[in-house]
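Undergrad: What follows is a predicted protein model with its sequence.
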Amino acid sequence: MWSGGFKWMFLIIGTMIGAGYASGRELWEFFGAESGLAIFLFALLFTICTAIIMGISYQKRSKHYLPI
């Protein structure tokens, strides 16, 4: 179970870094130099949303994202 979870975790992190969203520099420039709390809240909200979507797809045993 843990190996499957790590695969999903690295897939999501790799996708975000590959898209240029999570490299840190882009987030820092978007939110501003004095907004460490905003960056933390964004990361927390993203994590919660991802967990909810993953939970729904697991419950429905979805093979593709369109049925969700």
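TA: Sure, I can see it.

Undergrad: Check the gap between residue 46 and residue 9 for me.
TA: Separation of residue 46 from residue 9 (CB to CB, to the nearest Å): 13 Å. C-beta coordinates here come from the backbone N, C-alpha and C atoms, glycine included.

Undergrad: residues contacting residue 38?
TA: Contacts for residue 38 were tallied using CB atoms under 8 Å, 6 or more residues apart in numbering; they are 31, 32.

Undergrad: let's have the chain start at 54 instead
TA: Sounds good: first residue 54 from here, last item residue 91.

Undergrad: tell me how far the ends of stretch 79-95 are from each other?
TA: The first and last residues of stretch 79-95 sit 13 Å apart, counting by CA to CA, to the nearest Å.

Undergrad: for the record, mean pLDDT for that stretch?
TA: Summarised as a single mean, pLDDT over stretch 79-95 is 77.

Undergrad: what about stretch 57-68, distance to the chain center?
TA: 9 Å (CA atoms, centre = their mean, to the nearest Å).
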